[in-house]
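[1] The following comprises the amino acid sequence and a computationally predicted model.
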Amino acid sequence: MPVYDYKCRKCGAVFEKFLRSLSAADSVKCEKCGSVEVQKMITCCSISGGGKSEGSDSSSSSSSCGSCSSHSCSTCH
């Protein structure tokens, strides 16, 4: 069950929302002002397989980004 980041178009607040279904996205309201004028933000995600893949060396990475596995998203720079 995914967690999505939203930004309110009215007050500019950014917040996370846990959605149990796609239909629940229709009822998302700003947590600060209550506006329904919210926009889903594009964010990075990380998926862990639990093991180390061949050729990967997490200790050699110079990036401190922990939000994506490729270390190439906009938050890694």
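    That came through fine.
[2] so which strand or helix has Lys29?
    Secondary structure assignment for Lys29, by DSSP states H and E: no helix or strand.
[3] Need the three-state assignment for the residue nearest to it when sequence neighbours are not counted.
    In space, and not counting its chain neighbours, Lys29 is closest to Val36: 5.4 Å by CB to CB, 6 or more residues apart in numbering. C-betas here are computed from N, CA, C, even on glycine. Following DSSP: H, G, I helix; E, B strand; the rest coil, Val36 is assigned to coil.
[4] Extract the residue ranges of the protein that are flagged as low pLDDT.
    For the chain, the stretches with pLDDT under 70 are 1, 45-46, 50-77.
[5] try 90
    Applying pLDDT under 90 to the chain picks out residues 1-4, 18-27, 42-77.
[6] Can you show me the strands along it?
    Using DSSP state E, the strands of the chain run over 3-8, 14-18, 38-40.
[7] partner strands of the first one, parallel or antiparallel?
    Taking DSSP bridges as the criterion, strand 3-8 pairs within the sheet with strand 14-18 (antiparallel), strand 38-40 (antiparallel).
[8] Show me what counts as buried in that strand.
    Neighbour-count burial for strand 3-8 flags 4, 6, 8 (criterion: 16 or more other CB atoms under 10 Å).
[9] quick one: which of those is nearest to Ser27?
    Proximity of those to Ser27 (CB to CB) peaks at Tyr6, which lies at 12.0 Å.
[10] how about the nearest residue to the closest one, chain neighbours excluded?
    Val38 (4.5 Å).
[11] Just to check, the one you found is in contact with Lys29?
    Yes - using CB atoms under 8 Å, Val38 is in contact with Lys29, at 7.1 Å.
[12] between those two, who's got more neighbours?
    When Val38 and Lys29 are compared for neighbours, Val38 comes out ahead with 21 against 15, by other CB atoms under 10 Å.
[13] what's across from the more buried one in the sheet?
    Beta-bridge partners, per DSSP bridges, of Val38: Cys8.
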